[in-house]
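A.B. asks: The sequence isn't on hand, but the structure is:
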């Protein structure tokens, strides 16, 4: 029988062999890949490695979930909003950035047009978590410093993941998202939450963020809401411009 430590070393060697051309000092370029999940779903994603990447070290991971308009199979559109910020900022110089692309007719999580009290994990969500877990198993992703953010459909998705896996994320920042507040009132995990939403959002009702934030605070969790008066659905532009948008995540 092969010991777990030996198996992990074998997996790491295979990983380095397959992707040696990409494991070098960060050059600000996303690397395109496809993750084949156990449920049969092939998930497109791009990854940005830290500067001077060393697979023997552990790094924080930032997971970014895009909105519905960036779905597809080109493995590029998911970077339309936020991609340049994550690629160029020095704050993420030592962070692994992972940006999957949701298939065209799918969503990150089941919503059914509303926020159900009990949400069932869908195949894309399961594949996304398995993708992050695969880097944790390789040993260079710090399981205690997994961060998440997302906008619109992705804001809903990152919230669902955080509630579903209560001790998985250190902190998340959902932008114009939402989740059933009853799920938040029962939340007992360690994740810190910071919501962003435009007060006049016609696409995703800001009450989704307001009520979720209120429920988390009443449950004794760390949560806050940044609401932009008069701003409609594009509140991610305001959120990305916040001087502590990334530093707030990384301090947890």
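C.D. replies: Yep, it's here. These numbers were taken from a predicted model, which means no experiment stands behind them.
A.B. asks: buried sites along stretch 219-227?
C.D. replies: Buried positions in stretch 219-227, judged by neighbour count with 16 or more other C-beta atoms under 10 Å: 221, 223, 225-227. Placement of C-beta: from N, CA and C, glycine included.
A.B. asks: Which residue ranges of the stretch 101-250 of the chain form strands?
C.D. replies: Per DSSP state E, counting those that start in this stretch, the stretch 101-250 of the chain carries strands over the ranges 141-151, 171-175, 192-198, 223-228.
A.B. asks: What lies in contact with the third one?
C.D. replies: Pointing back at strand 192-198 there. Under the contact criterion C-beta atoms under 8 Å, 6 or more residues apart in numbering, strand 192-198 has outside partners 162, 170-177, 204, 206, 208-210, 212-213, 216, 221-228, 230-236, 238-239, 242, 248, 252.
A.B. asks: Check the first one too.
C.D. replies: The set of residues external to strand 141-151 that reach it, using C-beta under 8 Å, 6+ apart, is 58-67, 81-82, 95-96, 108, 132, 135-136, 156-158, 161-162, 168-177, 236, 239, 249-250, 252.
A.B. asks: which ones among the residues you listed are found in helices?
C.D. replies: Within the contacts of strand 141-151, residues falling in helices by DSSP state H are 132, 135-136, 156-158, 161-162, 236, 239, 249-250.
A.B. asks: Can you say which of these are buried?
C.D. replies: 132, 135, 156-158, 161-162, 236, 239, 249-250.
A.B. asks: Out of those residues, which comes closest to residue 122?
C.D. replies: Taking C-beta to C-beta as the measure, residue 122 lies nearest residue 157 of these, at 9.5 Å.
A.B. asks: Please look at the closest one and residue 108 and confirm they touch.
C.D. replies: Yes: taking C-beta atoms under 8 Å as the definition, residue 157 is a contact partner of residue 108 at 2.7 Å.
A.B. asks: okay, and the common contacts of the two?
C.D. replies: 65, 125, 128, 150.
A.B. asks: What's the separation between residue 212 and residue 129?
C.D. replies: Taking C-beta to C-beta, to the nearest Å as the measure, residue 212 falls 20 Å from residue 129.
A.B. asks: ugh, wrong one, residue 244
C.D. replies: 27 Å.
A.B. asks: The two - which one has more neighbours?
C.D. replies: Using other C-beta atoms under 10 Å as the criterion, residue 244 and residue 129 rank with residue 129 on top: 18 against 11.
A.B. asks: sorry, back to before: just name the most buried of the strands of the stretch 101-250 of the chain.
C.D. replies: The highest average neighbour count among those, using mean count of other C-beta atoms under 10 Å, belongs to strand 171-175 at a mean of 27.
A.B. asks: pLDDT averaged over it - what is it?
C.D. replies: For strand 171-175, the mean per-residue pLDDT is 98.
A.B. asks: residue closest to the middle of this structure?
C.D. replies: The centre of the chain sits closest to residue 63, judged by C-alpha atoms, centre = their mean, with a distance of 2.9 Å.
A.B. asks: Across the sheet, point out what pairs with the residue lying closest to that residue once chain neighbours are set aside.
C.D. replies: Distances taken as C-beta to C-beta, 6 or more residues apart in numbering put residue 148 closest to residue 63, at 4.6 Å, once the chain neighbours are dropped. On the basis of DSSP bridges, residue 148 is bridged to residue 63, residue 172.
A.B. asks: Residue 198 too?
C.D. replies: With DSSP bridges as the criterion, residue 198 is bridged to residue 228.
A.B. asks: and residue 227, what pLDDT?
C.D. replies: Reported pLDDT for residue 227: 98.
A.B. asks: now it: how far from residue 236?
C.D. replies: According to C-beta to C-beta, residue 227 and residue 236 sit 14 Å apart.
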